[in-house]
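A.B. asks: Here is a sequence together with a model predicted from it:
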Amino acid sequence: MGRLSIQDILEEIEKKINTNMDDLNAKASHMTKDGVYDCNSYDWWTSGFWPGMLWVMYEMTGKDKYKNAAWDFDEKIETLYLLENRFHHDVGFQFLPTAVIKYKITGDEDARRRGLFAANFLAGRFNIAGKFIRAWNQVDKIGWSIIDTCMNLSLLFWASAESGDPRFKHIAVAHADTVIRDFIREDGSVKHVVCFDPETGEVVDENGGQGYGPGSSWSRGQAWAIYGMANCYKSTGDIKYLKASIKVAKYFISCLPEDNIAYWDFRLPSNIGEPRDTSAAACAASGMLEIAECLSKEEGLIYKNWAEKILFSLTENYSTFNKPEEEGILTSATSNKPGNVGINVSLIYGDYFFIEGISKLLGWKRSIF
Ligand code: GLY
(Lines give C-alpha, C1' and ligand atoms only; values in the text may rest on other atoms or scores of the structure.)
Protein backbone atom coordinates (compact mmCIF):
# COMPACT_ATOMS: atom_id res chain seq x y z
CA MET A 1 0.00 0.00 0.00
CA GLY A 2 1.39 3.40 -0.97
CA ARG A 3 1.58 6.43 1.25
CA LEU A 4 -1.72 7.55 2.76
CA SER A 5 -2.22 10.71 4.78
CA ILE A 6 -2.73 10.22 8.52
CA GLN A 7 -6.38 11.19 8.10
CA ASP A 8 -6.72 8.60 5.30
CA ILE A 9 -5.24 5.97 7.62
CA LEU A 10 -7.84 6.75 10.28
CA GLU A 11 -10.56 6.46 7.64
CA GLU A 12 -9.24 3.03 6.59
CA ILE A 13 -9.19 2.00 10.25
CA GLU A 14 -12.76 3.16 10.66
CA LYS A 15 -13.88 1.11 7.66
CA LYS A 16 -12.20 -1.95 9.16
CA ILE A 17 -13.81 -1.38 12.55
CA ASN A 18 -17.24 -0.92 10.99
CA THR A 19 -16.92 -4.11 8.97
CA ASN A 20 -15.98 -6.18 12.00
CA MET A 21 -17.94 -4.41 14.70
CA ASP A 22 -20.74 -6.95 15.18
CA ASP A 23 -18.36 -9.88 15.41
CA LEU A 24 -15.71 -8.28 17.63
CA ASN A 25 -18.27 -6.74 19.93
CA ALA A 26 -19.60 -10.16 20.81
CA LYS A 27 -16.31 -11.56 22.08
CA ALA A 28 -13.13 -10.82 24.01
CA SER A 29 -10.41 -11.26 21.41
CA HIS A 30 -6.69 -11.77 21.55
CA MET A 31 -5.34 -13.09 18.24
CA THR A 32 -6.49 -14.13 14.80
CA LYS A 33 -6.57 -17.61 13.32
CA ASP A 34 -6.99 -17.71 9.56
CA GLY A 35 -7.80 -14.01 9.68
CA VAL A 36 -10.60 -14.26 12.27
CA TYR A 37 -10.26 -13.07 15.87
CA ASP A 38 -10.62 -15.68 18.60
CA CYS A 39 -13.09 -15.60 21.46
CA ASN A 40 -11.95 -15.65 25.10
CA SER A 41 -13.56 -15.21 28.46
CA TYR A 42 -13.86 -11.56 29.59
CA ASP A 43 -11.35 -12.14 32.37
CA TRP A 44 -8.61 -12.68 29.76
CA TRP A 45 -6.02 -9.89 29.89
CA THR A 46 -6.78 -8.62 26.38
CA SER A 47 -10.51 -8.02 26.92
CA GLY A 48 -10.10 -4.24 27.19
CA PHE A 49 -8.46 -3.54 23.85
CA TRP A 50 -11.44 -3.81 21.51
CA PRO A 51 -13.60 -1.50 23.68
CA GLY A 52 -10.53 0.73 23.94
CA MET A 53 -10.48 0.96 20.13
CA LEU A 54 -14.16 1.89 20.18
CA TRP A 55 -13.65 4.64 22.77
CA VAL A 56 -10.80 6.11 20.71
CA MET A 57 -13.00 6.02 17.60
CA TYR A 58 -15.78 7.71 19.57
CA GLU A 59 -13.38 10.46 20.56
CA MET A 60 -12.05 10.83 17.03
CA THR A 61 -15.43 10.82 15.24
CA GLY A 62 -18.05 11.76 17.84
CA LYS A 63 -20.24 8.94 16.52
CA ASP A 64 -22.49 7.49 19.22
CA LYS A 65 -22.41 3.99 17.73
CA TYR A 66 -18.83 3.54 19.02
CA LYS A 67 -19.72 4.71 22.52
CA ASN A 68 -22.80 2.48 22.55
CA ALA A 69 -20.82 -0.54 21.40
CA ALA A 70 -18.15 0.01 24.06
CA TRP A 71 -20.57 0.76 26.87
CA ASP A 72 -21.11 -2.66 28.48
CA PHE A 73 -17.56 -3.99 28.53
CA ASP A 74 -16.57 -2.78 32.00
CA GLU A 75 -19.66 -4.46 33.44
CA LYS A 76 -19.01 -7.69 31.52
CA ILE A 77 -15.43 -7.79 32.80
CA GLU A 78 -16.41 -6.88 36.36
CA THR A 79 -19.00 -9.61 36.52
CA LEU A 80 -16.25 -12.23 36.38
CA TYR A 81 -14.66 -10.78 39.52
CA LEU A 82 -17.63 -12.06 41.40
CA LEU A 83 -17.48 -15.55 39.94
CA GLU A 84 -13.87 -16.68 40.09
CA ASN A 85 -10.50 -15.45 41.21
CA ARG A 86 -8.95 -15.33 37.76
CA PHE A 87 -7.77 -11.73 37.62
CA HIS A 88 -4.14 -10.69 38.02
CA HIS A 89 -1.90 -7.64 37.48
CA ASP A 90 -3.38 -6.97 34.04
CA VAL A 91 -6.49 -5.33 35.46
CA GLY A 92 -4.88 -2.12 34.20
CA PHE A 93 -4.96 -3.38 30.62
CA GLN A 94 -8.59 -4.36 31.19
CA PHE A 95 -10.08 -1.48 33.18
CA LEU A 96 -8.17 1.55 31.82
CA PRO A 97 -9.63 1.15 28.29
CA THR A 98 -13.10 0.27 29.65
CA ALA A 99 -14.19 1.56 33.08
CA VAL A 100 -11.72 4.42 33.51
CA ILE A 101 -12.00 5.91 30.03
CA LYS A 102 -15.78 5.46 30.16
CA TYR A 103 -15.88 7.39 33.43
CA LYS A 104 -13.57 10.10 32.09
CA ILE A 105 -15.68 10.58 28.97
CA THR A 106 -19.18 10.12 30.35
CA GLY A 107 -18.95 10.58 34.13
CA ASP A 108 -20.67 7.22 34.66
CA GLU A 109 -20.49 6.48 38.40
CA ASP A 110 -20.62 2.69 38.01
CA ALA A 111 -17.61 2.88 35.72
CA ARG A 112 -15.76 4.93 38.36
CA ARG A 113 -16.59 2.37 41.03
CA ARG A 114 -15.35 -0.45 38.82
CA GLY A 115 -12.11 1.36 38.09
CA LEU A 116 -11.46 2.00 41.78
CA PHE A 117 -12.31 -1.60 42.62
CA ALA A 118 -9.76 -2.82 40.06
CA ALA A 119 -7.14 -0.41 41.46
CA ASN A 120 -7.72 -1.80 44.96
CA PHE A 121 -7.21 -5.29 43.60
CA LEU A 122 -3.98 -4.27 41.84
CA ALA A 123 -2.65 -2.49 44.94
CA GLY A 124 -3.30 -5.67 46.92
CA ARG A 125 -0.74 -7.50 44.78
CA PHE A 126 2.12 -5.34 46.04
CA ASN A 127 4.96 -7.17 47.78
CA ILE A 128 6.38 -4.79 50.38
CA ALA A 129 9.65 -6.68 50.90
CA GLY A 130 10.58 -6.69 47.20
CA LYS A 131 8.71 -3.49 46.27
CA PHE A 132 7.09 -5.08 43.24
CA ILE A 133 3.59 -5.89 42.07
CA ARG A 134 3.07 -9.61 41.71
CA ALA A 135 2.27 -10.54 38.12
CA TRP A 136 0.61 -13.94 37.94
CA ASN A 137 -1.44 -16.14 40.26
CA GLN A 138 0.34 -19.51 40.14
CA VAL A 139 1.73 -20.46 43.53
CA ASP A 140 5.20 -21.12 42.11
CA LYS A 141 5.26 -17.55 40.71
CA ILE A 142 4.40 -15.59 43.86
CA GLY A 143 7.72 -13.73 43.58
CA TRP A 144 7.58 -13.11 39.83
CA SER A 145 7.37 -9.62 38.44
CA ILE A 146 7.20 -8.75 34.73
CA ILE A 147 7.92 -5.65 32.69
CA ASP A 148 4.37 -5.59 31.30
CA THR A 149 3.11 -4.42 34.72
CA CYS A 150 4.46 -0.93 34.17
CA MET A 151 1.59 -0.40 31.70
CA ASN A 152 -0.87 -1.14 34.53
CA LEU A 153 0.49 1.52 36.87
CA SER A 154 -1.65 4.28 35.36
CA LEU A 155 -4.64 2.62 37.01
CA LEU A 156 -3.02 3.28 40.40
CA PHE A 157 -2.08 6.87 39.57
CA TRP A 158 -5.63 7.49 38.40
CA ALA A 159 -7.09 5.94 41.56
CA SER A 160 -5.02 8.23 43.79
CA ALA A 161 -6.04 11.30 41.83
CA GLU A 162 -9.68 10.22 41.83
CA SER A 163 -9.99 9.12 45.45
CA GLY A 164 -7.53 11.50 47.08
CA ASP A 165 -5.78 8.52 48.69
CA PRO A 166 -2.03 8.59 47.93
CA ARG A 167 -1.45 4.92 48.78
CA PHE A 168 -2.17 3.81 45.20
CA LYS A 169 0.41 6.28 43.90
CA HIS A 170 2.96 5.18 46.51
CA ILE A 171 2.67 1.60 45.28
CA ALA A 172 2.97 2.65 41.63
CA VAL A 173 6.10 4.68 42.38
CA ALA A 174 7.68 1.87 44.39
CA HIS A 175 7.08 -0.58 41.55
CA ALA A 176 8.35 1.89 38.94
CA ASP A 177 11.57 2.32 40.94
CA THR A 178 11.98 -1.45 40.97
CA VAL A 179 11.63 -1.44 37.18
CA ILE A 180 14.46 1.06 36.89
CA ARG A 181 16.64 -0.85 39.36
CA ASP A 182 16.01 -4.45 38.38
CA PHE A 183 14.56 -4.59 34.85
CA ILE A 184 16.21 -1.93 32.71
CA ARG A 185 19.79 -2.79 31.88
CA GLU A 186 22.62 -0.30 31.48
CA ASP A 187 22.35 -0.40 27.66
CA GLY A 188 18.60 0.30 27.69
CA SER A 189 17.50 -3.26 27.02
CA VAL A 190 14.90 -4.72 29.35
CA LYS A 191 14.32 -8.06 31.07
CA HIS A 192 10.90 -9.64 30.76
CA VAL A 193 10.71 -11.54 34.08
CA VAL A 194 12.54 -10.86 37.33
CA CYS A 195 12.03 -13.45 40.09
CA PHE A 196 12.16 -12.22 43.68
CA ASP A 197 12.20 -14.18 46.88
CA PRO A 198 8.70 -13.25 48.06
CA GLU A 199 9.79 -13.46 51.72
CA THR A 200 13.02 -11.45 51.65
CA GLY A 201 12.39 -9.42 48.50
CA GLU A 202 15.81 -10.26 47.08
CA VAL A 203 16.25 -10.86 43.34
CA VAL A 204 16.89 -14.56 42.84
CA ASP A 205 16.63 -15.07 39.10
CA GLU A 206 15.94 -13.63 35.65
CA ASN A 207 13.68 -15.47 33.27
CA GLY A 208 13.46 -14.99 29.50
CA GLY A 209 9.65 -15.17 29.61
CA GLN A 210 8.25 -14.48 26.15
CA GLY A 211 11.69 -13.47 24.94
CA TYR A 212 14.43 -15.63 23.47
CA GLY A 213 15.94 -16.36 26.87
CA PRO A 214 17.64 -14.87 29.92
CA GLY A 215 19.75 -11.93 28.78
CA SER A 216 17.67 -11.41 25.65
CA SER A 217 15.53 -8.44 24.72
CA TRP A 218 11.87 -9.28 23.98
CA SER A 219 10.79 -6.40 21.79
CA ARG A 220 7.29 -6.01 23.21
CA GLY A 221 8.79 -5.86 26.69
CA GLN A 222 10.92 -2.93 25.55
CA ALA A 223 7.75 -1.28 24.21
CA TRP A 224 5.91 -1.76 27.53
CA ALA A 225 8.86 -0.12 29.30
CA ILE A 226 9.05 2.87 26.93
CA TYR A 227 5.37 3.61 27.31
CA GLY A 228 5.03 2.68 30.99
CA MET A 229 7.98 4.78 32.14
CA ALA A 230 6.76 7.79 30.13
CA ASN A 231 3.39 7.40 31.88
CA CYS A 232 5.12 7.39 35.29
CA TYR A 233 6.80 10.66 34.39
CA LYS A 234 3.49 12.17 33.34
CA SER A 235 1.90 11.15 36.64
CA THR A 236 4.74 12.15 38.98
CA GLY A 237 6.84 14.75 37.17
CA ASP A 238 9.92 12.82 38.31
CA ILE A 239 12.49 13.13 35.52
CA LYS A 240 14.12 9.76 36.25
CA TYR A 241 11.11 8.01 34.68
CA LEU A 242 11.33 10.09 31.51
CA LYS A 243 15.06 9.38 31.34
CA ALA A 244 14.34 5.66 31.73
CA SER A 245 11.75 5.78 28.96
CA ILE A 246 14.12 7.62 26.64
CA LYS A 247 16.96 5.22 27.40
CA VAL A 248 14.82 2.23 26.38
CA ALA A 249 13.46 4.11 23.35
CA LYS A 250 16.98 4.86 22.11
CA TYR A 251 17.90 1.21 22.50
CA PHE A 252 14.69 0.13 20.71
CA ILE A 253 15.39 2.47 17.79
CA SER A 254 18.99 1.28 17.55
CA CYS A 255 17.79 -2.31 17.11
CA LEU A 256 15.28 -1.70 14.30
CA PRO A 257 15.75 -3.39 10.94
CA GLU A 258 15.48 -1.58 7.63
CA ASP A 259 11.69 -1.30 7.57
CA ASN A 260 11.63 -0.10 11.21
CA ILE A 261 9.42 -2.94 12.43
CA ALA A 262 10.88 -4.92 15.32
CA TYR A 263 11.62 -8.61 15.27
CA TRP A 264 10.03 -10.41 18.23
CA ASP A 265 13.32 -10.30 20.14
CA PHE A 266 16.26 -7.96 19.55
CA ARG A 267 18.88 -10.52 20.57
CA LEU A 268 18.25 -13.50 18.35
CA PRO A 269 21.27 -15.45 17.13
CA SER A 270 20.05 -14.61 13.61
CA ASN A 271 17.01 -12.73 12.30
CA ILE A 272 16.78 -14.92 9.20
CA GLY A 273 13.31 -16.46 9.03
CA GLU A 274 12.31 -14.98 12.38
CA PRO A 275 8.91 -13.27 12.75
CA ARG A 276 8.36 -9.59 13.43
CA ASP A 277 6.15 -8.27 16.16
CA THR A 278 4.04 -5.44 14.81
CA SER A 279 2.37 -5.10 18.23
CA ALA A 280 5.73 -4.15 19.74
CA ALA A 281 6.19 -1.64 16.94
CA ALA A 282 2.76 -0.06 17.43
CA CYS A 283 3.07 0.14 21.22
CA ALA A 284 6.59 1.57 21.06
CA ALA A 285 5.47 4.18 18.50
CA SER A 286 2.59 5.28 20.70
CA GLY A 287 4.95 5.38 23.69
CA MET A 288 7.44 7.51 21.73
CA LEU A 289 4.63 9.98 21.04
CA GLU A 290 4.18 10.22 24.82
CA ILE A 291 7.90 10.97 25.19
CA ALA A 292 7.59 13.68 22.54
CA GLU A 293 4.72 15.26 24.50
CA CYS A 294 6.88 15.37 27.64
CA LEU A 295 9.76 17.20 25.93
CA SER A 296 10.01 20.57 24.27
CA LYS A 297 8.80 20.60 20.66
CA GLU A 298 12.36 20.63 19.40
CA GLU A 299 13.67 17.86 21.69
CA GLY A 300 10.59 15.74 21.15
CA LEU A 301 10.80 15.87 17.36
CA ILE A 302 13.19 12.94 17.10
CA TYR A 303 10.73 10.65 18.93
CA LYS A 304 7.75 11.97 16.99
CA ASN A 305 9.64 11.34 13.76
CA TRP A 306 10.50 7.79 14.78
CA ALA A 307 6.91 7.13 15.79
CA GLU A 308 5.76 8.38 12.38
CA LYS A 309 8.30 6.22 10.56
CA ILE A 310 7.09 3.15 12.43
CA LEU A 311 3.39 3.93 11.99
CA PHE A 312 3.83 4.60 8.25
CA SER A 313 5.81 1.40 7.81
CA LEU A 314 3.05 -0.51 9.61
CA THR A 315 0.51 1.06 7.27
CA GLU A 316 2.46 0.45 4.10
CA ASN A 317 3.91 -2.97 4.81
CA TYR A 318 1.75 -4.67 7.44
CA SER A 319 -1.81 -3.31 7.33
CA THR A 320 -4.81 -5.28 6.09
CA PHE A 321 -6.63 -2.37 4.50
CA ASN A 322 -6.59 -4.20 1.16
CA LYS A 323 -7.41 -7.59 2.72
CA PRO A 324 -11.13 -7.73 3.50
CA GLU A 325 -10.83 -11.33 4.67
CA GLU A 326 -8.68 -10.24 7.66
CA GLU A 327 -10.40 -9.03 10.86
CA GLY A 328 -7.17 -7.72 12.30
CA ILE A 329 -5.70 -4.39 11.22
CA LEU A 330 -2.00 -5.30 11.44
CA THR A 331 -0.51 -8.56 10.26
CA SER A 332 2.77 -10.10 11.46
CA ALA A 333 2.41 -9.80 15.19
CA THR A 334 3.88 -12.36 17.56
CA SER A 335 2.31 -13.21 20.88
CA ASN A 336 4.61 -15.82 22.38
CA LYS A 337 7.29 -17.34 20.15
CA PRO A 338 8.88 -19.63 22.78
CA GLY A 339 5.43 -20.94 23.66
CA ASN A 340 4.65 -21.37 19.94
CA VAL A 341 1.46 -19.35 20.41
CA GLY A 342 0.26 -16.63 18.05
CA ILE A 343 3.07 -16.24 15.54
CA ASN A 344 2.50 -14.07 12.46
CA VAL A 345 -1.04 -13.22 13.47
CA SER A 346 -3.00 -10.07 14.25
CA LEU A 347 -3.02 -9.20 17.94
CA ILE A 348 -5.78 -7.04 19.36
CA TYR A 349 -3.34 -4.87 21.33
CA GLY A 350 -1.23 -4.31 18.21
CA ASP A 351 -4.35 -3.02 16.48
CA TYR A 352 -5.24 -0.94 19.54
CA PHE A 353 -1.87 0.80 19.84
CA PHE A 354 -1.78 1.43 16.10
CA ILE A 355 -5.14 3.22 16.28
CA GLU A 356 -3.99 5.08 19.36
CA GLY A 357 -0.75 6.19 17.68
CA ILE A 358 -2.52 7.38 14.53
CA SER A 359 -5.07 9.25 16.64
CA LYS A 360 -2.30 10.93 18.62
CA LEU A 361 -0.72 12.08 15.35
CA LEU A 362 -4.08 13.64 14.52
CA GLY A 363 -4.08 15.52 17.81
CA TRP A 364 -5.90 13.13 20.20
CA LYS A 365 -4.63 14.06 23.67
CA ARG A 366 -6.67 11.98 26.09
CA SER A 367 -4.42 9.03 26.71
CA ILE A 368 -6.12 5.85 27.92
CA PHE A 369 -2.96 4.30 29.37
N1 GLY B 1 1.26 -8.94 28.60
C2 GLY B 1 1.54 -10.13 27.86
C3 GLY B 1 2.11 -9.87 26.54
O4 GLY B 1 2.55 -8.78 26.24
O5 GLY B 1 2.10 -10.79 25.74
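C.D. replies: Arrived safely.

A.B. asks: Let me know the secondary structure of whichever residue of the stretch 251-369 of the chain sits closest to the ligand.
C.D. replies: The ligand sits closest to residue 335 of the stretch 251-369 of the chain, with a gap of 5.8 Å, by Cβ to the nearest ligand atom. (Each C-beta comes from the backbone N, C-alpha and C, glycine too.) Three-state assignment for residue 335 (DSSP: H, G, I helix; E, B strand; the rest coil): strand.

A.B. asks: and the gap between the residue lying closest to it once chain neighbours are set aside and residue 272?
C.D. replies: Nearest residue to residue 335, sequence neighbours excluded (Cβ to Cβ, 6 or more residues apart in numbering): residue 342, at 2.9 Å. Look at residue 342 and residue 272: by Cβ to Cβ, to the nearest Å, they are 21 Å apart.

A.B. asks: Burial check on the residue in the stretch 151-300 of the chain that the ligand sits nearest to, number of neighbours?
C.D. replies: Nearest residue of the stretch 151-300 of the chain to the ligand, counting by Cβ to the nearest ligand atom: residue 220, 5.0 Å away. The number of residues packed near residue 220 is 29, by other Cβ atoms under 10 Å.

A.B. asks: Kindly report the same for residue 214.
C.D. replies: 13.

A.B. asks: ok, now which ones touch the residue in the chain that the ligand sits nearest to?
C.D. replies: The chain approaches the ligand most closely through residue 148 (3.9 Å), counting by Cβ to the nearest ligand atom. Counting by Cβ atoms under 8 Å, 6 or more residues apart in numbering, residue 148 touches 89, 90, 135, 221, 224.

A.B. asks: Pick out whichever of residue 342 and residue 272 has more residues nearby.
C.D. replies: Just comparing residue 342 and residue 272: by other Cβ under 10 Å the higher neighbour count belongs to residue 342, 21 against 6.

A.B. asks: what secondary structure does the more buried one sit in?
C.D. replies: Under the three-state scheme (three-state DSSP), residue 342 adopts strand.

A.B. asks: Distance check, it against residue 52.
C.D. replies: Per Cβ to Cβ, residue 342 is found 19 Å from residue 52.

A.B. asks: next one: residue 156
C.D. replies: 18 Å.

A.B. asks: which non-adjacent residue is nearest residue 142?
C.D. replies: Per Cβ to Cβ, 6+ apart, closest to residue 142 is residue 198, 4.6 Å.

A.B. asks: ugh, wrong one, residue 190
C.D. replies: Here the residue nearest residue 190, using Cβ to Cβ, 6+ apart, is residue 225, at 4.6 Å.

A.B. asks: List, one by one, the residues from the stretch 51-200 of the chain near the ligand.
C.D. replies: Within reach of the ligand by Cβ under 6 Å from any ligand atom, the stretch 51-200 of the chain has these residues: residue 148.

A.B. asks: how about low-confidence regions in the stretch 51-200 of the chain?
C.D. replies: Residue ranges of the stretch 51-200 of the chain with pLDDT under 70: 82-84.

A.B. asks: what are the ranges of the helices in it?
C.D. replies: For the stretch 51-200 of the chain, the helices defined by DSSP state H, counting those that start in this stretch cover 64-70, 73-81, 91-95, 101-106, 109-123, 153-163, 167-178.

A.B. asks: Can you lay out the ones you listed as CSV showing mean neighbour count?
C.D. replies: Output for the helices of the stretch 51-200 of the chain, formatted as CSV (neighbours: other Cβ atoms under 10 Å):
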stretch, mean neighbour count
helix 64-70, 17
helix 73-81, 20
helix 91-95, 28
helix 101-106, 20
helix 109-123, 20
helix 153-163, 22
helix 167-178, 21
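
A.B. asks: how about the ones you listed in JSON lines, adding distance to residue 20?
C.D. replies: As requested, the helices of the stretch 51-200 of the chain are exported to JSON lines (distance: least, Cβ to Cβ, whole Å):
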{"stretch": "helix 64-70", "distance to residue 20": "11"}
{"stretch": "helix 73-81", "distance to residue 20": "16"}
{"stretch": "helix 91-95", "distance to residue 20": "21"}
{"stretch": "helix 101-106", "distance to residue 20": "20"}
{"stretch": "helix 109-123", "distance to residue 20": "25"}
{"stretch": "helix 153-163", "distance to residue 20": "27"}
{"stretch": "helix 167-178", "distance to residue 20": "35"}
